[in-house]
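Participant: sequence and predicted structure below; questions after.
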Amino acid sequence: MAVRLPLTAPGRAWVALAALLALGSTLAWWVPAALLDWQPGLAISEPWRAWSAVFVHWSAGHLAANLGATAAVAALGWAARVPPGATLAWCAAWPVTQLGLLLRPGLAHYGGLSGVLHAGVAVVALWLVTTGRGRHRFIGTLLGIGLLAKLLLEQPWGTVLRRVAGWDIAVAPLAHATGAAAGLLCGALALLASRGGVRQSAP
């Protein structure tokens, strides 16, 4: 009888990573943003900011909204029963999301979970489309189309920072686009690696 470790069961590692992101963001609320946020000028000398920036939030409303969105992405991965490989892809997309912001060095400061959450949605959509069947593949397709439509409406190639009604902070649409792109890239690499492993183990 095979023994399954707790985090190897479908969806569990995904929820654990989401919980880590939420906990880190909550604890970082009491840390000065300047110590953790993404700053392109410090990308080489302080590369760890590509990870720590996600924990920075500029207002209580920003933090609350992203914590709610994190719970939704956690539920999405749990419902899709994504394997640990998908979680590894999401984790890899975490720093890549911030590195993508180097495309627009005019974004002098960035913080928040939204970019990495878009990466998570992209990973789930890709996994459902490529490994799912029937209803699951259809849901993945709709999820991917919805994500693409959202990104196009936000026009990440436009103004670096944008004021949105109902928000008390400026939004950086580019981070959503770099997050989705990072999720697709890392997800595709993880899928290729998993399929290569299956072929190698075949008799």
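Facilitator: Arrived safely.

Participant: residues contacting G112?
Facilitator: Contacts for G112 (C-beta atoms under 8 Å, 6 or more residues apart in numbering) come out as 53-54, 56-58, 62, 66, 175. In short, each C-beta sits where N, CA and C put it, glycine included.

Participant: reformat these as JSON lines; add pLDDT.
Facilitator: Putting the contacts of G112 into JSON lines (pLDDT from 0 to 100) gives the following:
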{"residue": "A53", "pLDDT": "97"}
{"residue": "V54", "pLDDT": "97"}
{"residue": "V56", "pLDDT": "97"}
{"residue": "H57", "pLDDT": "96"}
{"residue": "W58", "pLDDT": "94"}
{"residue": "H62", "pLDDT": "95"}
{"residue": "N66", "pLDDT": "97"}
{"residue": "A175", "pLDDT": "97"}
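
Participant: just those now: which is nearest K150?
Facilitator: Ranked by distance to K150 (C-beta to C-beta), the contacts of G112 are led by A175 at 12.9 Å.

Participant: so which of the contacts of G112 is the most crowded?
Facilitator: When neighbours are taken as other C-beta atoms under 10 Å, the top entry among the contacts of G112 is V54 (31 neighbours).

Participant: before we move on, back to that, among the contacts of G112, which lie within helices?
Facilitator: 62, 66, 175 (DSSP state H).

Participant: pretty sure the second one is touching S114, no?
Facilitator: The one in question is N66. Yes. Using C-beta atoms under 8 Å, N66 is in contact with S114, at 6.2 Å.

Participant: quick one: the helices in the chain?
Facilitator: Using DSSP H, helices in the chain cover 12-28, 49-52, 60-80, 84-99, 114-131, 135-154, 173-201.

Participant: which stretch among those helices comes nearest L35?
Facilitator: helix 49-52 (7.9 Å).

Participant: list the helices and strands the closest one packs on?
Facilitator: Contacts defined by 3 or more C-beta pairs under 8 Å, 6 or more residues apart in numbering; DSSP states H and E place helix 49-52 against helix 84-99.

Participant: tell me the buried residues in the helix it packs on?
Facilitator: 84-98 (16 or more other C-beta atoms under 10 Å).

Participant: pLDDT value on the spatially most central residue of the chain, please?
Facilitator: For the chain, the residue nearest the mean C-alpha position is V116 (2.5 Å; C-alpha atoms, centre = their mean). Confidence at V116, expressed as pLDDT, is 98.

Participant: residues near V164, how many?
Facilitator: Neighbours of V164 (other C-beta under 10 Å): 11.

Participant: pLDDT value on it, please?
Facilitator: Looking at V164, its pLDDT stands at 82.

Participant: all set now, cheers.
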